[in-house]
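Visitor: how would this look folded up:
(2 chains)
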Amino acid sequence: MLDIKLIAADAEEIKKIISQRDPSYGAMIDQAAVLNAEYKKILARAEELRSKRNELSKHVGVLRRDKPAEAEKIMAEVTDMKNEMAEKETSLEEFKKKIENLLLNIPNLPHTTVPAGKNETENKEVRRVGAVPNFNFKPLDHHAVGEKLGILDFETAATLSGSRFSLLRGDGAKLERALINYMLDMHAKNGYTEIAPPAVVNENILVGTGQLPKFREDMYALEGEPKQFLISTAEIPLTNLNRGKILPAESLPLKYVACTPCFRKESGAYGKDTRGLIRNHQFDKVELVMISDRQKSFECLEIMTANAEAVLSGLGLAYRTVLLCTGDMGFSSAKTYDIEVWMPSENKYREISSCSDCTDFQARRMNLRCKTENGKPEFVHTLNGSGVAVGRTLAAILENCQTSDGSVLVPPALVPYFGKDKITSK
RNA sequence: GGAGAGGUGGCUGAGUGGUCGAAAGCGGCGGUUUGCUAAACCGUUAUACUGGUUAAUUCCGGUAUCAAGGGUUCGAAUCCCUUCCUCUCCGCCA
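Guide: As a prediction, the model looks like this:
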């Protein structure tokens, strides 16, 4: 959520910046500015009335004993004010709600270092790491590799749950477990505290991180009241972990890591990546979250991105890191790096991690602050990044480490976790 | 699921209709004392919004906030209703 004060101070400037994402947001900024001006007028009058009422009522107690007639007069006077007071109160509520609804649907301001652009074609490659493998045979895609080995079974998954679900069997299931432990151990060494959070959260938690109100159709909702949802990423519980608190400055940055299942409806992705592990309704992801003060957050973003990259380089997978342009960034983010892993079957890099600095956008929504040097609380900056998507990593290993005889060589870093260095069919 | 207790400031904990934004203690901050440390003593100590003022989040006002929402009243932390949450005991259960 943007600070309404920023909009009130210079709506034109904010419009200019936000329009780099999408020009249609400009009108919403204008509306917010107009509503806010109106709101303040009403607020002034409402507070004047309340002030008068408080002043009058203060003396009634004493007057009642000493001068009952005067007390009666004052009581009547206050009663007369009630209509206007009630009217102002309701209209205040209405304006507040309208403004908040607008603000909740406006995305974060892109950071000045983010390139302007409409879509992913205007993203900027920052670096390319690792050698793309050379095959002296035609590499199979990961579902073919996995199904031949009997470790991936999409047919059974479909029977159980429909399309876009996966089932891992035997060495496949074990390899996923090995990957998770490898990732969690690495991040723990880098100072992240491991968390095992709930995968079900309340509605306001999703407002905090920005999934609601705008992206309700992407979320799995549970039956019943109060409304609860399955998380689409561990970013949600991790970032909300301290919501409403004032954190001591010296505790920052807070660093959390969790591996959770993630549930996504993928309703806008008809026909995209319909086979395999790339885009499913349920997948495991290791997620990193940092809570930083506002001075250091962009440094933290570099560190977090490096921490995520280390997972891939540790596995010997080739990847590149891309700085997203204004038009391709997520709703809450001010600056995002995507990490893309090489997928031989597609002959291109595919997203496997996304690391974002959300500045104070989420912190304001969840009222998460820290004490500053002068003792005043201020909103923190929140960051999140995949460290990394487990299913996609599994897919990348199957593709990049396949051999001509159909077996898969397990990356050396995983061998201690997996127990052997090769997956062969039974 | 059944029975009971309770939710007050950074924390502990008073306060059952009228100078209560809220006693007291702890903690924090500033200071005095002091070879050093400790102790003692004095002072100070919420947040948001808002009007004016300022170099300033400077200063002076106002409003709101005692789990959340609604109601009663001239006036609510205090009374009533609803919801949420926490704790204890019993039952059930991986």
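
Visitor: quick one: name the residues of chain A near RNA strand B.
Guide: Along chain A, the residues adjacent to RNA strand B under the rule Cβ under 7 Å from any atom of the strand are A:5, A:40, A:43-44, A:47-48, A:50-51, A:53-58, A:60-61, A:64, A:74-75, A:78-79, A:82, A:226, A:246, A:374-377. Heads up, the C-betas are built off the backbone N, CA and C, glycines and all.

Visitor: only the buried subset of those, as a PyMOL command please.
Guide: Of those, the buried ones go into a single PyMOL selection, burial set by 16 or more other Cβ atoms under 10 Å:
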select buried, chain A and resi 74+78
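
Visitor: tell me which of the residues of chain A next to RNA strand B fall in strands.
Guide: Mapping the residues of chain A next to RNA strand B onto strands (DSSP state E) picks out A:246, A:377.

Visitor: the longest helix in chain A is where?
Guide: Longest helix in chain A, counting residues (DSSP state H): helix A:25-66.

Visitor: from the contact counts, what lies against that helix?
Guide: Counting contacts by 3 or more Cβ pairs under 8 Å, 6 or more residues apart in numbering; DSSP states H and E, helix A:25-66 packs against helix A:4-9, helix A:11-18, helix A:68-104.

Visitor: hey, which of those helices is tucked in deepest?
Guide: Mean neighbour count (mean count of other Cβ atoms under 10 Å) peaks for helix A:11-18 among the helices and strands packed on helix A:25-66, with a mean of 17.

Visitor: restrict that helix to CA atoms and write it as PDB.
Guide: Provided in PDB are the C-alpha atoms of helix A:11-18 (Å, rounded to 0.1, in the frame of the first residue of the first chain):
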ATOM      1  CA  ALA A  11       0.100  13.200  -7.100                       C
ATOM      2  CA  GLU A  12       1.600  14.100 -10.500                       C
ATOM      3  CA  GLU A  13       5.000  12.700  -9.600                       C
ATOM      4  CA  ILE A  14       3.500   9.500  -8.300                       C
ATOM      5  CA  LYS A  15       1.400   9.100 -11.400                       C
ATOM      6  CA  LYS A  16       4.500   9.400 -13.500                       C
ATOM      7  CA  ILE A  17       6.300   6.700 -11.600                       C
ATOM      8  CA  ILE A  18       3.400   4.300 -11.400                       C
END
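
Visitor: compute the inter-axis angle for that helix and helix A:25-66.
Guide: Helix A:11-18 and helix A:25-66 meet at an angle of 130 degrees, taking axes from the mean of the first three to the mean of the last three Cα atoms, to 10 degrees as the criterion.

Visitor: average pLDDT across helix A:11-18?
Guide: The average pLDDT within helix A:11-18 is 93.

Visitor: same question, stretch A:373-392
Guide: 89.

Visitor: start to end distance for it?
Guide: End-to-end span of stretch A:373-392 (Cα to Cα, to the nearest Å): 43 Å.
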